[in-house]
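Participant: Sequence and predicted model, in that order:
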There are 2 protein chains.
Amino acid sequence: MTITDVARLAGVSAATVSKVVNGRYGVSARTVEHVRGVIEEVGYESSLVARSLRSHRTNVIGILVAEFEPFSTEIIKGTAAAISGTGYELLAYSGGGRAEEDAGWERRSLSRLGGTLIDGAILVTPTVVGAAGAVPVVAIDPHAGPSDLPTVDADNVRGAVLATEHLLGLGHRRIAFLGGRPGLESSRLREEGFRTAMAAAGAPVDPDLVRVGGYRPQTATGPAHELLAHPDRPSAVFAANDVSAIATMGVARELGLSVPGDLSVVGFDNVPESVLAEPPLTTVSQPMQAMGTSAVQLLVQLMNGSPETAPDGGTHVRLPTELVVRGSTRAL
Amino acid sequence: MTITDVARLAGVSAATVSKVVNGRYGVSARTVEHVRGVIEEVGYESSLVARSLRSHRTNVIGILVAEFEPFSTEIIKGTAAAISGTGYELLAYSGGGRAEEDAGWERRSLSRLGGTLIDGAILVTPTVVGAAGAVPVVAIDPHAGPSDLPTVDADNVRGAVLATEHLLGLGHRRIAFLGGRPGLESSRLREEGFRTAMAAAGAPVDPDLVRVGGYRPQTATGPAHELLAHPDRPSAVFAANDVSAIATMGVARELGLSVPGDLSVVGFDNVPESVLAEPPLTTVSQPMQAMGTSAVQLLVQLMNGSPETAPDGGTHVRLPTELVVRGSTRAL
DNA sequence: AACGTTTTCGACAACGGTTTCGAAACGCTA
DNA sequence: TAGCGTTTCGAAACCGTTGTCGAAAACGTT
């Protein structure tokens, strides 16, 4: 059912149908009513694709995630909640998990979708620094570090300080850090917070106890095992994300170590899974839904060409993190 | 940067560039190399929209959800996991929460996206029964009851029987049922299971204790309050989804009733939130990720015109449910 | 050198809409 | 009724890409 079909049925031209559909001025009330009737009757709906190709406006915002893992899913929920009422619709596009090997997939997806299918985009944990694309873009928690893009992120350093201070306050001194891959900004900042807090407390950081965990279960178990099998085993591990913290607890169990009896573990993110872990994970909460909300607000401003954000070019919103104490930590 | 720009830069026609991009036969190796170079240099990426408009093939599967609530989010994760390796990409489209008032939004979205932007669609909890659209469609857990669409759902009746038997086994006899809105198939089936189990145990169902909860916090608290303020209060409530079960526990707290001390509560779905509840909710687990996986398999078969599914027209996959006992239920 | 084959490439017409612009019909005044 | 402004509508161009098809060029053969 195309617009031409409707036009033929209504005895008018396609142009007129288009005007009726889009409420354009210049069609008589009689005609509008008649065409509306036909549209209703046959259940015509205009093709988003064809429409956008010509008009370059779709009222759709794209959210690009590498894959639908817990973190990005929470972000999506936040953006979805914030978007209703703005007149836009949300379209989530997944890179299909090939983000690791396929650097720059964001840029590619953006140019495939941008300018025609979506009016603006939210990039979740993008690995690109700049994206001079066809449409306004906001980045959430960019992996690649400070960029020229408008950005929403959480206070990683502060969160890491809180987590480390929590462990120190429980009497731990020999604390290991399990980070993400090198080059990930969030991991760098969390390590920075960790080192800051350790230094402030006068606790030494053993280089042997700082490892790359890679944020994923598969990549984290190896390093976690090395940490826990260390001759001078740490009494606590601060993992830079929940997934690797949970993996660490799994390794501990395998080695016959009790958490939190023999080992305290702190994570980062507070994904829904963290509370399901055994024991429930003490972690640093990122306001993921709020981050999504902020990103939408920022993006809508940008798309409207809001003047207040224009001068400095890139706007940066940083939201607070907080410590959530659960069952995986205990006084030494 | 359009294909025409690239063509001009490379000194060839747009048609030739298109052939290079799509690896079509009939371009000399020299030309291919040259055009590839130009494309690489300027970072050209073909527009998904324009391409699909013409070729009617996008290798994109759409998943349509009314909104990004916990249930649909889990389904999305399942589909996303299953889709990698099939050569398709996933695009999640949200109706923006206006599903309640906007009946048939699925059909509309389908005709807006189908045939041009997506090659097939997965509908999550659709309210339409038939959708004779342009593309193959699979429905997950349709709200509207048995349809002619290929469907993936969970065994609602069996799950409800399990939940009710659990309560009966704990000695409860006066059990309330808090359902969804009338007309929702899942709610109907869960009530059916509830009544079956009650009847089998010879326990009477008090019509006064069967209420419409509406599956949402806002709609569930009222009926929940009525149940708990009843002169002859039930000792247990079986809520037809987790959200209303959690709402019921909130009402109980307000009324000074302890769960599970004074009242046992069972939910349905096992959304991630159910374990966060205080106390953690005993519930019936739907294999949400598996449902997503099955839907993708079914859809891909359909899109390939797999002959084995063609004969009967509609294929129905039903996955098992199971009881997850946590802290919200106790022997009477 | 003449001729048939095969390759290589580009002009052109779609795809399903929107937008512009001019012509026709209409309404109003003088 | 002539003159003029205003509505109303449709023809045609366009958005960025792909598929078809014919012409030109290159190649191979005698």
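Facilitator: Arrived safely, thanks for sending.
Participant: so which strand or helix has A:His172?
Facilitator: Remark: A:His172 resides in no helix or strand, with elements defined by DSSP states H and E.
Participant: Now do the contacts for it.
Facilitator: A:235-236, A:264, A:332 (C-beta atoms under 8 Å, 6 or more residues apart in numbering or on different chains). For every residue, glycine as well, the C-beta is placed using N, CA and C.
Participant: by contact count, what packs against the helix or strand of chain A with the lowest mean pLDDT?
Facilitator: Across the helices and strands of chain A, mean confidence by mean pLDDT, DSSP states H and E is lowest for helix A:105-113: a mean of 84. Secondary-structure packing of helix A:105-113 (3 or more C-beta pairs under 8 Å, 6 or more residues apart in numbering or on different chains; DSSP states H and E): strand A:60-65, strand A:120-124, helix B:48-55.
Participant: between the ones you listed, which one is nearest to DNA strand D?
Facilitator: Within those, the stretch nearest DNA strand D is helix B:48-55; the backing value is 3.4 Å (C-beta to the nearest atom of the strand).
Participant: So which bits of that closest one are buried?
Facilitator: For helix B:48-55, burial by neighbour count (16 or more other C-beta atoms under 10 Å in any protein chain shown) applies to B:48-53.
Participant: Spit out the contact partners of the nearest residue to A:Thr79 once chain neighbours are set aside.
Facilitator: Residue nearest to A:Thr79 in three dimensions, not counting chain neighbours: A:Gly292, with 3.8 Å by C-beta to C-beta, 6 or more residues apart in numbering or on different chains. Residues near A:Gly292 by C-beta under 8 Å, 6+ apart: A:74-82, A:122, A:140.
Participant: what about 6 Å?
Facilitator: A:75, A:78-79 (C-beta atoms under 6 Å, 6 or more residues apart in numbering or on different chains).
Participant: restrict the buried residues of helix B:48-55 to contacts with DNA strand C.
Facilitator: When contact is defined as C-beta under 7 Å from any atom of the strand, the buried residues of helix B:48-55 meet DNA strand C at B:50, B:53.
Participant: Dump the buried residues of helix B:48-55 to CSV, plus pLDDT and distance to DNA strand D.
Facilitator: As requested, these are exported to CSV (pLDDT from 0 to 100; distance: C-beta to the nearest atom of the strand, whole Å):
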residue, pLDDT, distance to DNA strand D
B:Leu48, 89, 8
B:Val49, 88, 7
B:Ala50, 91, 3
B:Arg51, 90, 4
B:Ser52, 88, 8
B:Leu53, 89, 4
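Participant: these two touch, right, A:Val152 and A:Ala295?
Facilitator: Yes - the pair A:Val152 and A:Ala295 qualifies as a contact (C-beta atoms under 6 Å) at a distance of 4.7 Å.
Participant: so what's in contact with the two at the same time?
Facilitator: Here A:Val152 and A:Ala295 have A:Ile140 as joint contacts, going by C-beta under 6 Å, 6+ apart.
Participant: A:Val20: how many residues sit nearby?
Facilitator: 21 (other C-beta atoms under 10 Å in any protein chain shown).
Participant: Please verify my assumption that it contacts A:Arg30.
Facilitator: No - with contact defined as C-beta under 6 Å, A:Val20 does not count as touching A:Arg30 (11.5 Å).
Participant: low pLDDT regions in the stretch 1-150 of chain A?
Facilitator: In the predicted model, the stretch 1-150 of chain A carries pLDDT under 70 at residues A:96-101, A:103, A:115, A:128-133.
Participant: residue ranges for the helices of it, please.
Facilitator: With helices called from DSSP state H, counting those that start in this stretch, the stretch 1-150 of chain A shows them at A:3-10, A:14-21, A:29-42, A:48-55, A:70-83, A:105-113.
Participant: any idea how far B:Pro142 is from the nearest residue to A:Ala80 once chain neighbours are set aside?
Facilitator: Leaving aside its chain neighbours, A:Ala80 sits nearest to B:Phe68 (4.2 Å; criterion: C-beta to C-beta, 6+ apart). Distance, B:Phe68 to B:Pro142, by C-beta to C-beta, to the nearest Å: 19 Å.
Participant: again with A:Ser55
Facilitator: Computed with C-beta to C-beta, the distance linking A:Ser55 and B:Pro142 is 34 Å.
Participant: What residues does A:Phe71 make contact with?
Facilitator: Taking C-beta under 6 Å, 6+ apart, we find A:Phe71 in contact with no residue.
Participant: Check A:Val124 too.
Facilitator: For A:Val124, the contacting residues are A:65, A:72, A:75, A:140, by C-beta under 6 Å, 6+ apart.
Participant: with these in mind, which one is nearest to chain B?
Facilitator: A:Val65 (9.2 Å; C-beta to the nearest C-beta).
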